[in-house]
Structure formats: C-alpha cells, structure tokens
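1. Starting from these lines, generate the structure:
(2 chains)
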Amino acid sequence: MTALTRINEARSTPLATGSLNGILRVLTCGSVDDGKSTLIGRLLWDASDLFDDQRATLERGRRIDGGHPDYSLLVDGLVAEREQGITIDIAWRYFDTATRRFVVIDSPGHEQYTRNMASGASHADVAIMLVDARAGIKKQTKRHAAILDLVGLKRVVLAVNKMDLAGWSEQRFREIERDFKAIAARFHFDDAVAIPVSAALGDNVARPSDMMDWYRGPTLLSHLESLPSRGAEAAGPFRMPVQTVLRQGVDFRGLAGTVSSGAIHVGDPVVDPVSGRAANVKRIATFDGDLQRAAVGQAIVLQLDADIDMSRGAILAAAEGRPHAARDLDTHLVWLSDTPFDTDNGYLLRTATDLVPVSAMEITSRLDLETLAEHPASTCAANDIVLARISLGRPTALDLFLKAGETGSFMLVDPISGATVAGGVVTELAEAEPKGARKAGVFVLSRDNLECGLCADLGGGAADQVEFRRRANEVALLLSAAGIAVELDLQS
Amino acid sequence: MSAPLSHLDLLEAESIHIFREAAAQFRKPVLMYSIGKDSTVLLHLARKAFFPEKPPFSLLHVDTTWKFREMIAFRDKTARDLGLELIVHTNQDGLARGINPIDHAPSVYTDVMKTAALKQALDMHGFDAAFGGARRDEEASRAKERVFSFRAAGHRWDPRKQRPEMWRLLNGRLGSGETARVFPLSNWTEKDVWRYLAREKLDVVPLYFAAMRPTVERNGQLLVVDDERFKLKPGEHVEARRVRFRTLGCYPLTAAVGSEASDIEGVVAETLAARTSERVGRLIDHDQSGAMEKKKQEGYF
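-> The predicted structure is shown next:
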C-alpha cells in the first residue's frame, strides 16, 4: 500500500484519527543545488494533506525542467529569500500521514548558515542529509554531520537525490553509501541509512521507484514512519528543571516544570543538586487531575513531602547520578551572533530555567568542520564551532550533554542587547569547590553584602527572593564587565 | 508503564512549557484574546499552565468595533466566567476619523484599527510581552516565526534580527525598547486546534457552527451581514444560506463557507477532510505577494 492511499483512507475516516501517534521532527539539510526544497515540496505534494489553494499556488508558479511544478515554492517563505532564490532561515512545515504528525524543519546548507542549521537541528529527531547523485559526498556533508552530532541528533538519513540524472545507477549509489557510512561512523549516531531518490520525479520519496529494482529498502517516507516518535522513550535519569512555583492556600506549594529526562512516580526520592537537599514526591498535580507517574515531555506540578526551599532555576533530579552543581565547564559551542566573542563583554549563561552570570570565559580551540581537526584559537565569530571553558559566577545544576541533553545544553546571552550569541553543550564538568576554597583575587558577592544596601527593601518572601537573585546577577555582571572577577554566594 | 503520549498531549505540554517560561521571564505579559478558536485554546492552555493558580496576566482584546456581535458576547462571558481581567482597546483616533472596513482598503483599515491599535494598547499599559495564537502552519512568513519573537522599539518586526532558538531553551531577555510576542501554539495546525477543542470539550463562538445566516456573495466569497452597516453593491442581494466560519475576524472582511457541520464533531470531520487552507477566508491576506510579511514588519500581530 502506498503512502498516498493510506492518507486518502485516513481522510475518509477522519474521526478515527482524533489524535495521531506522536510527532516526528525531521530536519532537512543540503544546499539549493542538491534539490532540498524540491524534496520537501515533493513530500508535501505526494504524502500530505496539502490544501487545494496551496496546490493552486504551486500550479500557477513557475515550472522547471520537464514541465512539472516547482515544488520548492511550497517551502521557500520570506520574500527576500524568494527573490534571492536561497533559503536563509529555518522554516517549519507540518503534515500528517495516517500514522503520525511530521514536522519538517528546513534549514539552509551553505557554510555561512552553519548557525541556522545548528539551531534547526537542535529541534529535530532525525535529519535528512541531501546529496546530488552526480556529485556524491561533498565537503559540506561532513560539515553537516559534525553539526548534527554537536547538537545531539542520533538518527540521520542520506537522501541520494537526482538518481534520474545519474542513470538510476546502483554502482553510483553504493559508492556514495559507502562514503557516507565511513563518515557517519565517526560520530555518535545510532542509525544512519542511505536511500536513492529522485525528488523531482518522486521516486522513493513517498512511492517506491519503478526505475531502481536493485534497491530493496524503504522509501524515504516509510523509513521516517518507522522511527520512534518524540517522547516515546522515557529512558535516562529523571530530570525536571523548575520553571516556577505555584501555590494554593497555605498547604500547597508546587514546583512546576516539564520532565526533561526519565520518569517520576509518586513516592520517589528527588534531590536538588545545588543545595544537596532531598525529599520525596507527594503529589504529581495537573489541571486534569493527579498522576501516579509522569515521563519525559510532560508538563506537571510536583509537590514534595518536605519544604526544601527550591525555586526557578533549580533542577529536581533522581538522587542516583544527579546533575553537578557546576561552576567550571568545558563546552562545545556554535557562535550565533554577528558580533564576535569579546572577552570584555560579560555574558549570561541560560540553562533550562536558570540565568547565571559568566565570570570568565576562554576559547581554547576551533573545530575545522571539513577535516574535523581542532586548531588552537582564542577568538570566534558567527558560524564558528569552538571549544570553550566557562566559569560561572555561582554554581548551577548541569549535566553532561551526552548523559541528559536538555539539562546539558545552554545558550549564551548578551546582557545588554539580550541577544542569543551562542548555543552550547557541556562536555566536561568540575564540581563547585567547597565554600572557603576561593581563588585569590576573586571578589565574593555575598548575601550579607547585598542585604545591607541594594536589597535592603526586600523581605524573605518568594517574590522578593526572586528579585534578590535578579539584582545579585545584575551586579555580578556589571562587576565582571568592569574586569573584576566575581563570585556570587547567596546561601544564607 | 503509561501509554505513550499522543501528538495532542505533546503539543499541550509544549505550550504549557512556553507559557510558564514567558510568565517567569517577562515583567508584565498580556494575553492577546481575539475570541476565536485559537484564542480559546490559548486561554485554556494558560489555565492548565498555572493550575492551581489563575493565569498571572490579563486578557487584551483589540476591538475594531466590527467584530460579530456574537463574538463580543462570548468574550465578555468568558472573562467573567474565568474571573480574569479583560482590557478592551479601540483606536479612538481611527474611530474618530471614521476608518472602517467598508469604505477603506483592507490594508488601511487593518493598519489603523488593528496594528496601530495593538501598539497603542501595549504602550499604554506597559506590557513587555504579548501571548498570541499565531501558528506556523498558517502562512509562509509565519512558518519562520520564533516562539519568542522580538519587536524593536516601535514594535517593528525584522525577520533578519530574530534570535535563534535551540533545544527547548527560550531566551526572553529584552534589549532596550524591545518587546516580545510569544506564540505557544507555534507548532499546532488548524486540525490540531479543532481536535483539541473537541477533546477538551471547549465552547467556541457559535459562528463556527453551521446555521442559516444572511449572506451576500462577493468576489466568489460568502460574506455574512451582521448589522445595518453592511452596504450592498449594485446587483447584490442578501440570501439565507447554511454557513459557518473557519476563522473569525471583522465581519465584512471574513468570509464564511457553506457547511452542514452544526456541532464540533461535524467541524472536526469537515476540517480533517478540508481541501483549502483557512486563510482563504481572510480577505486581507490576498492583497499582494508577501502580504503577511509586510504587515508583520509594520507591527501586525
């Protein structure tokens, strides 16, 4: 049964599909020349619930070689991009098959858009990398694989496109497949497959090709339909970054957040890695009633059996293999801003829910994405992927990225413009040093310092303590921007 | 083990996460309440996000004075039932100048009574963030929109200056003069909105359900006559037809579709089988190529 007939059946029994079986987010990367927009357009055209007016827009649009519609018009969004004929930003597309929701994240492939691709890839469950069968694997394929690996993608598909222009040649496909497997083996991918397609003609996109009997594997669409959905796997240690505290009367103080890894049951012990305090889960509350268990992806409110004064920025974690109360981190990061890294700038580090001043930051090397070699470096600019050592003004809970992705990734923020200047992942962590073991020449901004003046107007209530923390962060930031090494010590 | 989460469960959880992040990071957010089905879902998700508390923000309705009467009644009842503060803002200057959707071009009317009105309301109350129900599936330029979308001073949207978003991290730190728009429904589709309304048994404005209504056919679209301000053009006549709306706006600018779907199950069935996108019924989008992108750059929501 082809995908298309399955979709048509789904349409004829609409109420049976009240809710789909999960979501798969698919990143597509490759350059304009590889026919990337055409491939996505073709997927939408053949496999999806595309609307008639969208089809009509396409029929009215320009035609390309062979007289078929230019499927890329379905994808290229912004006027400036359409005029330049390139894709510069990330575009999101949604379509349903009979089994699930697909989200297609289209990102640009050129070297000057590494940052766009990295941010797009960070949202995806699987990436389709595209090559032209005539050209084979290019340098950029390796670069793309490195970016996908950096942001944590585990599944990749190589779509070997334009097979029609390569004589439908099995030999050609196998050469490319071999090169691809050799590259993929260098990264942390769990799953890497190659599929021969013709996006323009539709072969092996949503329907099996009549031209390549030698290929026995799945079409691109059926391969994607076979992958596990987002949120289907509750593997990993329990983590829930606390977003906010919600109260009811005097008896209920709930910690609200989204489970970012693992699962939690009522009665389970949890710990705040920064304070070291522990408690047990008393209730898992939601608007729709209490739960006995919650797993990755669920937004919940946890009530604990002991009042361990936690608030936004903390992470609730399983006691075993808990996150680190981290102060010094080794990271890989991709520089997103047009303004290069500046040691005098002062940055903020945004974790899942915390915002911490960076007290010192040093670039140690830059990754050459063509050779995958690391070269010593001290600067970085837009699209660079670098290794950086970061010291924080106060400890915050962090994981190693490979252990728990959501609590092991972060963004760097410019404190003045608010801009997101870099996205990064934690590769090494040093536990915060015990109190009193401070480095010489570091100014310690303590609770006492702040209470006697700047924060004298604040009391002990929750809202005041949030404000206390905010002011402390801002002062630390100003001091570090002025060249004074500073540490925050807000424990009372 | 529990059953795996359905796609609606995942979308709901993502939206709740976005609401909580925005409420924690922005000083004074407001929920743009436009009374339609997307706003209904948005408001319901806000209630879920802050349970057992009430959502920590007000509702803002930009009233052009050309909304269907049933919409206004539904708006007032909703705010009252939920005990939330409702701020209604109309561009008084535009009203005084007599700007209306019948005598003025849709672009002029939208600019004055919607875009300028929204900016006035945000400035007047000092809101630094506004939740909106926009979805990426609605239109090509929205397909590139961020969850936290930033506006420079004067509320201008510059597509090239939007912040990259990575993983589930959301950065709401504002630069000088900046404000934010927050889109918790970014990853929802029209079908999801209807499926969710049905699943959660939410009330919507009755205009979404088919009924006999006074209609006029104009340029191939069906317009519903809501009050005496509607002006017939030569050759036009009012005819009762069984119609409903897929999207609600100002009544002379929003077209209805012929339909037999008189309850939510019927609408879900029709929506899942629909062959045209909902914005076909939005007359203002068809002005010119890239119309939405231009409107957004000027500050349209």
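
2. check contacts around the residue nearest to B:L86 when sequence neighbours are not counted.
-> Excluding the flanking residues, the one nearest B:L86 by Cβ to Cβ, 6 or more residues apart in numbering or on different chains is B:A79, at 3.7 Å. Any C-beta I mention is one placed from the backbone N, CA and C, and that applies to glycine too. The contact partners of B:A79, taken as Cβ atoms under 8 Å, 6 or more residues apart in numbering or on different chains, are B:33, B:59, B:85-86.

3. Show me where the stretch 51-200 of chain A dips below the pLDDT cut-off.
-> A:51-88, A:109-111 (pLDDT under 70).

4. Take the contacts of B:A79 and keep only those in strands.
-> Per DSSP state E, strands hold the following members of those: B:59, B:86.

5. the helices in the stretch 301-450 of chain A, which residues?
-> A:447-451 (DSSP state H, counting those that start in this stretch).

6. and it, which residues reach chain B?
-> Neighbours of chain B within the stretch 301-450 of chain A, by Cβ under 8 Å from any Cβ of the partner chain: A:301, A:312, A:336, A:348, A:350-353, A:355, A:405-406, A:409-411, A:413, A:415-420, A:423.

7. Going by neighbour count, which of these are buried?
-> Among those, the ones that count as buried by 16 or more other Cβ atoms under 10 Å in any protein chain shown are A:301, A:312, A:336, A:348, A:350-353, A:355, A:405-406, A:409-411, A:413, A:415, A:417-420, A:423.

8. Tell me what the closest residue in space to B:S149 that isn't next to it in sequence is bridged to.
-> With Cβ to Cβ, 6+ apart as the criterion, B:S149 has its nearest non-adjacent residue at 4.5 Å, and that residue is B:R181. Taking DSSP bridges as the rule, B:R181 bridges to B:A130, B:S149.

9. By residue count, which helix of chain A is the longest?
-> For chain A, the helix with the greatest residue count under DSSP state H is helix A:462-481.

10. For the helix or strand following it, which outside residues touch it?
-> Sequence order places strand A:486-489 as the next helix or strand after helix A:462-481, per DSSP states H and E. With Cβ under 8 Å, 6+ apart as the test, strand A:486-489 has contacts from A:357, A:359, A:393-394, A:435, A:438, A:442-447, A:472-473, A:476, A:479-480.

11. From the residues you listed, keep the buried residues only.
-> By neighbour count, with 16+ other Cβ under 10 Å, the contacts of strand A:486-489 hold A:357, A:359, A:393-394, A:445, A:472-473, A:476, A:479-480 as buried.

12. Can I take it that B:L45 is in a helix?
-> Yes: under DSSP: H, G, I helix; E, B strand; the rest coil, B:L45 sits within a helix.

13. give me the element B:I72 is part of.
-> According to DSSP H and E, B:I72 maps onto helix B:69-82.

14. got the buried residues for that helix?
-> For helix B:69-82, by 16+ other Cβ under 10 Å, it's B:71-72, B:74-75, B:78-79.

15. Now for the residue nearest the centre of chain A: which residues touch it?
-> Centroid-nearest residue in chain A: A:S122, 2.5 Å away (criterion: Cα atoms, centre = their mean). For A:S122, the contacting residues are A:151-152, A:409, A:423, B:166-167, by Cβ under 8 Å, 6+ apart.

16. Now the two most distant members of those residues.
-> Pairwise distances among these were taken by Cβ to Cβ; the largest, 11.1 Å, belongs to A:G152 and A:G423.

17. Quick check: neighbours shared by those two?
-> A:122, A:409.

18. Out of the contacts of B:A79, which comes closest to B:P106?
-> B:P106 has its nearest neighbour among the contacts of B:A79 in B:Y33, at 22.4 Å by Cβ to Cβ.

19. Wait, the closest one touches B:S58, no?
-> No: B:Y33 is not in contact with B:S58 according to Cβ atoms under 8 Å; the separation is 9.0 Å.

20. who has more neighbours, these two?
-> B:Y33 (26 against 17; other Cβ atoms under 10 Å in any protein chain shown).

21. for the record, mean pLDDT for stretch A:227-244?
-> Mean pLDDT, stretch A:227-244: 85.

22. What residues sit buried inside that stretch?
-> Neighbour counts using 16+ other Cβ under 10 Å place A:227, A:229-232, A:234, A:236-244 of stretch A:227-244 among the buried residues.

23. what about the longest helix of chain A, near chain B?
-> No: remark: helix A:462-481 sits outside contact range of chain B, by Cβ under 8 Å from any Cβ, the gap being at least 8.7 Å.

24. Buried residues, that helix. List them.
-> Of all the residues in helix A:462-481, those buried under the rule 16+ other Cβ under 10 Å are A:465-466, A:468-469, A:472-473, A:475-477, A:479-480.

25. residues from the stretch 51-200 of chain B in reach of chain A?
-> Counting by Cβ under 8 Å from any Cβ, the residues of the stretch 51-200 of chain B close to chain A are B:51-53, B:136-137, B:140-141, B:143-144, B:150, B:159-160, B:162-169, B:171, B:173-176, B:178, B:186-187, B:189, B:191, B:195, B:198-199.

26. ok, back up a step: is it true that the residue nearest to B:S149 touches B:D128?
-> No: at 10.8 Å, B:R181 does not count as touching B:D128 under the criterion of Cβ under 8 Å.

27. Between those two, point out the one with more neighbours.
-> Neighbour totals were compared for B:R181 and B:D128, and B:R181 leads with 23 against 16 (other Cβ under 10 Å).

28. Looking at the more buried one now. What's its pLDDT?
-> 95.

29. A:A10 too?
-> If you check A:A10, the pLDDT there is 36.

30. Same question for A:A319.
-> As predicted, A:A319 sits at a pLDDT of 87.

31. Could I get the contacting residues of it?
-> With contacts defined as Cβ under 8 Å, 6+ apart, the neighbours of A:A319 are A:269-271, A:278.

32. Can you report how many residues neighbour A:V160?
-> A count of neighbours around A:V160, defined by other Cβ under 10 Å, yields 27.

33. Am I right that it sits in a strand?
-> Yes: looking at A:V160 with three-state DSSP, it is inside a strand.

34. dump the residue contacts of it.
-> A:131, A:133, A:173, A:176-177, A:194-197.

35. any chance of those in CSV, plus secondary structure?
-> Shown next, in CSV, are the contacts of A:V160 (three-state DSSP):
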residue, secondary structure
A:V131, strand
A:A133, coil
A:F173, helix
A:I176, helix
A:E177, helix
A:A194, strand
A:I195, strand
A:P196, strand
A:V197, coil
